[in-house]
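Student: Sequence first, then the predicted structure:
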Amino acid sequence: MLLKENKQYIGRFAPSPSGPLHFGSLVAAVGSYLQAKSQHGIWQVRIEDIDPPREIAGASEDILQTLQAYGLLWDGDVIYQHQRSQDYEAILDVLTKQNLCYACSCTRKMIKQQGGFYQGQCRDKQHSPVANALRINLTSIRYKTTHFKDKLQGLIELDATQVDDDFIIKRKDGLYAYNLAVVIDDIEQGVTEVVRGADLISTTGKQISLYQLLGAKVPSYVHLPLAVTAPGFKLSKQNHATAVDKKNPVPTLLKVLAFLGHPVPKNIAQTNCAEILLWAQQHWCLNNVPKQLEIQLPVTH
Ligand code: GLU
């Protein structure tokens, strides 16, 4: 359906504009940038602005300015998901015609009463797609996604409830689901490897299933350790993690590189972001990145 064969490495950073970049999102930006640039690849930026209620006015511009301040210069034009509805609809149309998705009227409450996870109740009910959610139909998938290989974290096994989960691809309120948009865009942009935070590792199985239904080549995956304040507490835009400093970026960039297992030598650390990133690009080695799902940040006062 959507086959694109790529020889060149194409990576991306795909922030949601739900707030300014914090230390954790900068880790994903720097990690994906270096993984691409160290392989002479392309690094694209995509603003994932498909969830207006969670958006903060001005966040997209702020994120892009922050990337520039840190010397993280992207290739090509920035893609905005809010401009991509036509492509999402076209794919939904194809999936619907092939019976690869269906409308579901189950509420969260109903699912909770049925044991906490959706079990395909609406699959054969032929509900109208109007005012209902759309779910992917995984019964038609040839090879179920039970596990995948992460280039950093190793073999990731999906739990049984995930393997058969007909997950939502369009929400009842009409918004496109992250799992749908991310896969369609990564295919369209020819992304060969997805490098992102380990908080998204649990979405990867679903995304791989979608690639398979769309007949597209699955990219490789690298899930970087998540910066946490205490075990299980990630820094996030929602919990108002502090925005990284745009005016004096070098100290934070050095911290991000140390976090990613690439401490910068003193003589380079005294230069600027461009020089530091160039050194990091030349010395980047995925093997030196900690193979951990999360890393606790030291408390600073
Ligand atoms: N937009 C997502 C976020 O900011 C990241 C999506 C991805 O990298 O797949 O959490």
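Tutor: Received it, and whenever you're ready, just let me know what you need. Numbers count the residues shown, from 1 in each chain.
Student: going forward, measure contacts and count neighbours with C-alpha atoms only.
Tutor: OK.
Student: Within range of the ligand, give me the residues from the chain.
Tutor: Residues of the chain lying close to the ligand by C-alpha under 6 Å from any ligand atom are 14-16, 48, 196.
Student: Apply 8 Å and report the result again.
Tutor: Within the chain, the positions near the ligand by C-alpha under 8 Å from any ligand atom are 12-18, 25, 47-48, 178, 182, 194-197, 200.
Student: In strands only, show me those residues.
Tutor: Among the residues of the chain next to the ligand, the members found in strands (DSSP state E) are 12-13, 47, 194-197.
Student: picking that back up, just the buried residues from the residues of the chain next to the ligand, in PyMOL please.
Tutor: Typed into PyMOL, the line below selects the buried ones among the residues of the chain next to the ligand, using 16 or more other C-alpha atoms under 10 Å:
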select buried, resi 12+13+14+15+16+17+18+25+47+48+178+182+194+195+196+197
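Student: Nearest residue to the middle of this structure?
Tutor: Nearest residue to the geometric centre of the chain (C-alpha atoms, centre = their mean): Arg196, 5.5 Å.
Student: ok, that one touching Thr204?
Tutor: No: Arg196 is not in contact with Thr204 according to C-alpha atoms under 8 Å; the separation is 10.7 Å.
Student: Which positions within stretch 130-149 qualify as buried?
Tutor: Residues 132-138, 145, 148 are the ones in stretch 130-149 that count as buried (16+ other C-alpha under 10 Å).
Student: Just the closest of those residues to the ligand, please.
Tutor: Ranked by distance to the ligand (C-alpha to the nearest ligand atom), these are led by Phe148 at 15.7 Å.
Student: show me what contacts the residue nearest to that closest one when sequence neighbours are not counted?
Tutor: Leaving aside its chain neighbours, Phe148 sits nearest to Ile156 (5.4 Å; criterion: C-alpha to C-alpha, 6 or more residues apart in numbering). The neighbours of Ile156, taking C-alpha atoms under 8 Å, 6 or more residues apart in numbering as the test, are 147-150.
Student: Pretty sure Ile156 sits in a strand.
Tutor: Yes: using DSSP: H, G, I helix; E, B strand; the rest coil, the secondary structure at Ile156 is a strand.
Student: Quick check: mean pLDDT of the helix or strand where Val30 lies?
Tutor: Here Val30 sits within helix 23-37, counting by DSSP states H and E. Averaged across helix 23-37, pLDDT comes to 97.
Student: For Pro52, give me the pLDDT.
Tutor: 91.
Student: Run a quick neighbour tally on it.
Tutor: By the measure other C-alpha atoms under 10 Å, the count of residues near Pro52 is 12.
Student: hmm, back to that, roughly how far does the residue nearest to Phe148 sit from Asp166?
Tutor: 20 Å (C-alpha to C-alpha, to the nearest Å).
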